[in-house]
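[1] fold the following for me, if possible:
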Amino acid sequence: MNTVDAASPPATGSAPGHPDPFPTTADLPRTPDGEIQLVTPDGRLHPDAHPDHDALGRLTRDLYRGMRLARRLDDEAFALQRQGELGLWLQCRGQEAAQVGSIAAVRADDYVFPSYREHAAALWRGIGPADLLRQWRGVAHSGWDPRPHSFHIYTLVLAAQLLHATGYALGVQRDSSDTLVVAYFGDGAASEGDASEAMNIAATNDAPVLFFCQNNQWAISTPASAQSRTPIHRRAAGFGLRSERVDGNDVLAVHAVTSALAAHVRSGAGPALVEATTYRMGGHSTSDDPTRYRTDSELDAWRGKDPLGRVEALMRAEGWSDTAYLDGIQAEADELADRTRRECLALRAPDLADAFTTVLADVPQLLREEREAFVAYRGSFLD
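    Below you'll find the model as predicted:
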C-alpha cells in the first residue's frame, strides 16, 4: 500500500473506479427523525439500501483508509501541540466521515472553500502534513498554494468563506464551466449573517455552490439547540436551496447524499446544502476545555457512534476486510504519523525577503527593486 503524500492522496476526485450505487436521494433510507442513513451505528447495512455489494465494498475500503489516515494525523498534531511544537490545533476527530464522504463524492477540479478543521478533506486532496501544520506552527499566514489542489486556504473568520465561495461560483457560472464549488462550514458559522447572505445570493443567481454544513453540535460552548429553533437544512430550503439532512457519522450515507446533490448543482439546477449531523469529539481547539460545558454522558453517547468504529464493524460484517488489510492501513497510518512529526519539526520561519515575491502574482519591477534593496541592506549588517 502506498504511503500517503501530497502527490498520492488517499484518493482523488469522485472516488475513481467506484460507480455511485446511490444516484439519487429519493429512495435512500431515513431514520425516524428524517436523517438519511445507510449504516447503523453498530455497523449494519440498511436492508433497503440495495447497493452493488462489490462496488460498495471497494468504495468503503477507500473511504475507511482516508478516515483512518486523517485520524492518525489529527492525533499526532494534537500531541505536537501539547508538546509545544504547534501554537494551536483544531481537531477534526469524530468528523472524518462527514469530510471524507463528501470530498470523495465531488470531482478533483471542483473548488473547495474550507473552514479551519477540514484536515481529512485536505489530506484526501493531497495536501501533506507540512502544509497542514505550517499555519498552526506560526511560520506562515497560510499553509499551501490552493491552485494545485483546487482547495482554498483555511478561513478563520466564521462564515466568511461562504461569501468567498459564492463569489467564486458566480465566476465559474460566467465561464460556463461544469465545475462546482464546495463550501464547508459548521453550525456556529450557520448563525452568522454571512451564511444567510451567501445562501440567498447563491439561490437568487443559481450559483453552482454545494454548501456542506458539519453540524457538530457545539459552536465553541454554545449548543446547536441554543443557536436556532429551525434545523439548518430547513433554513437553507427557505432561501430556495435544495437541501438534505444526513447522518454525518455514516460515511456511505454522506457520500451518497453529496453525490446526488453535487449532480443537482452541476446540472445547473441551482445551489444545494447538506447538513451532516456529527460530533466534535475534542474541544473547539487545544485552547478549549469542553468539560466546562458538556457532560461525560453526552460524549460517551457519541463515542458509541464513532464513524471509524462503524465502518470497521460494517467491513467485518460484510467480509470487506481482513487482518492483512487492517494491518496495512495501520502501518501506513504509523508512517504518516512519523512523517507528520518530522515535517513539523523541520518547519522554519520564512525568509522576510520572500514577502516581496508573494504580494502580487506577477511581480512588477518596482517590487523586484525593493526586494534587492532590502536584501542588500540586510546583508550590510553581516559585513
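
[2] helices of the stretch 151-300 of the chain, start to end?
    160-174, 187-190, 193-204, 232-238, 251-266, 296-303 (DSSP state H, counting those that start in this stretch).

[3] so of those helices, which one's packed in deepest?
    Of all those, helix 251-266 has the most neighbours on average by mean count of other CB atoms under 10 Å, namely a mean of 26. No exception for glycine: its C-beta is placed from N, CA and C like everyone else's.

[4] thinking again about what came up before, between the helices of the stretch 151-300 of the chain, which gets nearest to Ala49?
    helix 251-266 (8.2 Å; CB to CB).

[5] show me what that closest one is packed against.
    Under the contact criterion of 3 or more CB pairs under 8 Å, 6 or more residues apart in numbering; DSSP states H and E, the helices and strands touching helix 251-266 comprise helix 53-82, helix 96-103, strand 209-215, strand 242-247, strand 272-277, helix 307-318.

[6] now that helix, how far from the chain's geometric center?
    15 Å (CA atoms, centre = their mean, to the nearest Å).

[7] could you do stretch 197-217 as well?
    16 Å.

[8] state the mean pLDDT of that stretch.
    Averaged over stretch 197-217, pLDDT sits at 98.

[9] how about the CA coordinates for it, as PDB?
    Presented in PDB, the C-alpha positions along stretch 197-217 are these (Å, rounded to 0.1, in the frame of the first residue of the first chain):
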ATOM      1  CA  GLU A 197     -26.300  36.300   2.700                       C
ATOM      2  CA  ALA A 198     -24.300  33.700   0.900                       C
ATOM      3  CA  MET A 199     -27.200  31.200   0.600                       C
ATOM      4  CA  ASN A 200     -29.600  34.000  -0.600                       C
ATOM      5  CA  ILE A 201     -27.100  35.300  -3.200                       C
ATOM      6  CA  ALA A 202     -26.400  31.800  -4.400                       C
ATOM      7  CA  ALA A 203     -30.000  30.900  -4.700                       C
ATOM      8  CA  THR A 204     -31.200  34.100  -6.500                       C
ATOM      9  CA  ASN A 205     -28.400  33.600  -9.000                       C
ATOM     10  CA  ASP A 206     -28.500  29.800  -9.400                       C
ATOM     11  CA  ALA A 207     -24.800  29.800  -8.500                       C
ATOM     12  CA  PRO A 208     -23.100  26.300  -8.600                       C
ATOM     13  CA  VAL A 209     -22.400  26.100  -4.900                       C
ATOM     14  CA  LEU A 210     -22.800  23.000  -2.700                       C
ATOM     15  CA  PHE A 211     -22.900  24.200   0.900                       C
ATOM     16  CA  PHE A 212     -21.800  21.400   3.300                       C
ATOM     17  CA  CYS A 213     -22.600  22.000   7.000                       C
ATOM     18  CA  GLN A 214     -20.900  19.800   9.600                       C
ATOM     19  CA  ASN A 215     -23.300  20.300  12.500                       C
ATOM     20  CA  ASN A 216     -21.000  19.000  15.300                       C
ATOM     21  CA  GLN A 217     -23.500  20.200  18.000                       C
END
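
[10] closest one to Leu345 among the helices and strands packed on helix 251-266?
    Closest among the helices and strands packed on helix 251-266, using CB to CB: helix 53-82, at 8.4 Å.

[11] what angle sits between the closest one and helix 96-103?
    120 degrees (axes from the mean of the first three to the mean of the last three CA atoms, to 10 degrees).

[12] on that earlier part again, and the helices of the stretch 151-300 of the chain: which comes nearest Leu69?
    Once the helices of the stretch 151-300 of the chain are compared by CB to CB, helix 251-266 is nearest, at 13.5 Å.

[13] show me where the stretch 1-150 of the chain has its strands.
    Counting by DSSP state E, counting those that start in this stretch, the stretch 1-150 of the chain has strands at residues 111-113.

[14] on that earlier part again, redo the helices and strands packed on helix 251-266 as CSV? Include distance to Gln330.
    Converted to CSV, the helices and strands packed on helix 251-266 look like this (distance: least, CB to CB, whole Å):
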stretch, distance to Gln330
helix 53-82, 8
helix 96-103, 16
strand 209-215, 26
strand 242-247, 26
strand 272-277, 27
helix 307-318, 12
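
[15] ranking those by burial, who's on top?
    helix 96-103 (a mean of 32).

[16] what is that helix packed up against?
    helix 53-82, helix 119-124, strand 181-186, strand 209-215, helix 251-266, strand 272-277, helix 307-318.

[17] ok, 6 Å please
    helix 53-82, helix 119-124, helix 251-266 (3 or more CB pairs under 6 Å, 6 or more residues apart in numbering; DSSP states H and E).

[18] how many residues are close by Pro231?
    18 (other CB atoms under 10 Å).

[19] give me the distance between it and Asp145.
    37 Å (CB to CB, to the nearest Å).

[20] same check, this time on Arg68
    27 Å.

[21] rewinding a little: out of the helices and strands packed on helix 96-103, nearest to Tyr184?
    Per CB to CB, nearest to Tyr184 of these: helix 119-124, 6.9 Å.
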